[in-house]
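K.L.:
Sequence isn't available, so here's the structure alone:
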Ligand code: HEM
């Protein structure tokens, strides 16, 4: 008994861990190899490019090769398209452009030996990055920043496919470069340097650049592949399962750790080898849209010199490939869809966007027997012949269409002898039922999922090595599928908005449901009561926002409040109604008046400003004392001044004003400081900051919820019943500013009564104070303190040399202004020209949005001589530029 027990314990403990270990540490194991090797560390060549295909199913078909019907005859009898039939579930042709990208990531059958797959068996975006090191070298820029050559990709076979496939890949190229730039900007581990700043005289320059180039490139590649994986498990997967029809954002997560009932680990990250069956069931040529059929016809016509598709032979096909290859220059010059590259090597955004919009508008065709365009006859014959060299299982109970079944029997003699290729392609298709969106043949629909799981769960970089360490914390967050994104968790929409920001719009069905036609989405969204969230028309083009940078121009825009609209008022309109919310008022003049009125009420009484300063001082002191700690054996204390102090000082003050009770104990006050700060940050972020377009819908919904809750709290805290009481507000302000003094209170009451606010306006005004005086005030405080703490700081050195006195109020104010000039809390603001205007050299159209670059203007020597020096005695003080939010 004791032995049995001991065995069980040993088994349990042994099964705690994976054997052999699931990964190793160090850079050698952190990145994907170009050819996919080293995915399974115990069998490094598993799934490597250039290996043979696997076979999943035992061959049992007794029909000898020489008894098989002619491949052309099989096509003409079972596969050739009779007429175009629209896809029954509303899938767009882009669905199949994306699918083509997926298949080219994992299949590249050698033309010399059909048993060999020239690419790896992993979702590693090989069409973009190349299937081996030599090809990867061609797409890389090697500029020390880890970039790919602009708008390029590696897979030449894609040039034979409709242009939307290539455009999608170009967007993944742009995503790579976006990610690489961010990795350098964020510089999470502090190891990267801007290559332009390494002096050419530095003897280690080239080795530094080389090391950094590899790190950034490979990390960006990992993150970009994870983006692709996320797109597969969001847009693609939900189109396959028809989840959009149900408004479901659910997705399968095949990557996580799974424990079996006996406590042992269910295998993952152990590698994968694609099978011939997988290759065969993924030939979805029957889904080609009418538009793409025309495109292929034209391309084959050009390459074959006008030959009838029925007469094209294998030999002709080889000549066509040859012709295409000869037409190619080096891959940085490849083009497709008759597009022209611009001087910098990129394609025009406009051209790329139009191709994608078309692909979303065009309906795909239904999977069916007799559904493949005749122009693809030779592609299919090649497929049939390849498959005959591979070997396969046979099918039963196959197609209820009597004509198709009878024809198959004629061809094969016995339906049991039907071969896999035609069996899969001409099998009866699944109808549109719950859980079905792709609607291929029954066998494909089942098998595709098994293969998808094998591909992803088998991949070490999607499982045990899918980590913030390998991808950086920023990258790890960036590539996650976000179930709250519009389109029920679309990832492609986020990609479009990032790569083509002036063409895709944040509320379009083209953006969020690209794999479904807008026509198909209309009734679905109506059914789901979500129709008002989306726009169904083809997005137009907007010009990029001009940037205003010179001090003089920036100052002019900021001072002409009545000529420029602040762009965040339209955002505010999504989340708050009524008057009084002065920090984002739709009428700039009224907004300023309301703000001034509130400021007067808060600070107008004699000495009130000093009281506020005192309250800030006391809170800072208190937090520094309560949040600090000492190391063992030391009296000197440490405090995280940003996380535990500066972040919360303004919040405590604003909560006093708003009558919100903060407590670290969640069961005590209205909010914990952390929870409220996070809420206010989200509101602030939504109203004022430059977020990625895709976040608009989920953020606005979340922020509306926060604001409703806050308004209710503000209302409750001031009401002695259900009504917001003006008197309640005043006594709270008075307590705060005047220590409860009766005179101050009376003065406030009279000030506020003079405003004549109703309860809603008052609550909105208090909310504006709460939001406007916390998040960006904390940010500004951090920037100022950072300037003092920084050991290289000019400020510090000036003080230590005795040139400046920190006791003197004017100098202190000057130091704060200088710190915020050199390191502003935000870079700039957006404005919309109310009418056509001219600012400096820049002509503005009516309603045009401009970016007012305060950070650049702050460094303009015309306004600030010796701009990089800290000169706290600059005058006049109102020369300093002020943006939005609290700084107003
Ligand atoms: C109009 C669109 C398409 C065209 C013109 C096209 C054309 C071709 C051609 C010419 C080949 C032979 C490639 C070679 O061996 O060099 C091929 C192979 C293949 N196609 Fe398509 N295709 C299209 C769409 C699709 C789609 C939507 C899918 C499925 C998602 C698909 C799946 C495949 C597969 C799995 C192969 C075999 C690849 C290999 O083994 O290397 N194709 N296609």
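P.N.:
In hand now; what should we look at? The shown structure was predicted, so the numbers you read here are calculated from the model rather than taken from an experiment.
K.L.:
got the residue ranges for the strands in this protein?
P.N.:
With strands called from DSSP state E, the chain shows them at 51-52, 116-117, 258-259, 265-266, 547-548, 564-566, 629-630, 637-638, 829-833, 837-839, 842-844, 849-852.
K.L.:
and residue 451, what does it touch?
P.N.:
Taking CB atoms under 8 Å, 6 or more residues apart in numbering, we find residue 451 in contact with 274, 275, 278, 281, 282. All C-beta atoms are positioned from the backbone trio N, CA, C, and that covers glycine.
K.L.:
count of residues packed around residue 191?
P.N.:
Using other CB atoms under 10 Å, residue 191 has 10 neighbouring residues.
K.L.:
who's in contact with it?
P.N.:
Taking CB under 8 Å, 6+ apart, one finds 212, 215 in contact with residue 191.
K.L.:
Any buried residues in stretch 677-689, and which?
P.N.:
Using 16 or more other CB atoms under 10 Å as the test for burial, stretch 677-689 gives 677, 679, 680, 681, 682, 683, 684, 686, 687, 688.
K.L.:
which non-adjacent residue is nearest the residue nearest the centre of the chain?
P.N.:
Nearest to the mean C-alpha position of the chain, counting by CA atoms, centre = their mean, stands residue 494 at 4.6 Å. Excluding the flanking residues, the one nearest residue 494 by CB to CB, 6 or more residues apart in numbering is residue 694, at 4.2 Å.
K.L.:
And the pLDDT for that neighbour?
P.N.:
pLDDT, residue 694: 73.
K.L.:
Show the contacting residues for it.
P.N.:
Residues 485, 486, 490, 493, 494, 497, 498, 506, 511 are the ones in contact with residue 694 under the rule CB under 8 Å, 6+ apart.
K.L.:
6 Å - rerun?
P.N.:
485, 493, 494, 497 (CB atoms under 6 Å, 6 or more residues apart in numbering).
K.L.:
ok, the second one touching residue 513?
P.N.:
I take that to be residue 493. No - counting by CB atoms under 6 Å, residue 493 stays clear of residue 513, with 8.1 Å between them.
K.L.:
Can you pick out the residue with more neighbours from those two?
P.N.:
Set side by side, residue 493 and residue 513 show more neighbours around residue 513, with 30 against 27, by other CB under 10 Å.
K.L.:
nearest to the ligand, of the contacts of residue 694?
P.N.:
residue 493 (21.0 Å; CB to the nearest ligand atom).
K.L.:
any idea how far residue 222 is from residue 350?
P.N.:
31 Å (CB to CB, to the nearest Å).
K.L.:
Please tell me how far residue 689 sits from the ligand.
P.N.:
40 Å (CB to the nearest ligand atom, to the nearest Å).
K.L.:
What pLDDT is listed against that residue?
P.N.:
Residue 689 is assigned 84 on the pLDDT scale.
K.L.:
all helices for the stretch 251-400 of the chain, in order.
P.N.:
Using DSSP state H, counting those that start in this stretch, the helices of the stretch 251-400 of the chain run over 276-281, 290-304, 314-327, 349-361, 377-390.
K.L.:
ditto for the stretch 1-150 of the chain
P.N.:
Using DSSP H, counting those that start in this stretch, helices in the stretch 1-150 of the chain cover 2-16, 27-30, 71-74, 93-106, 126-129, 133-139.
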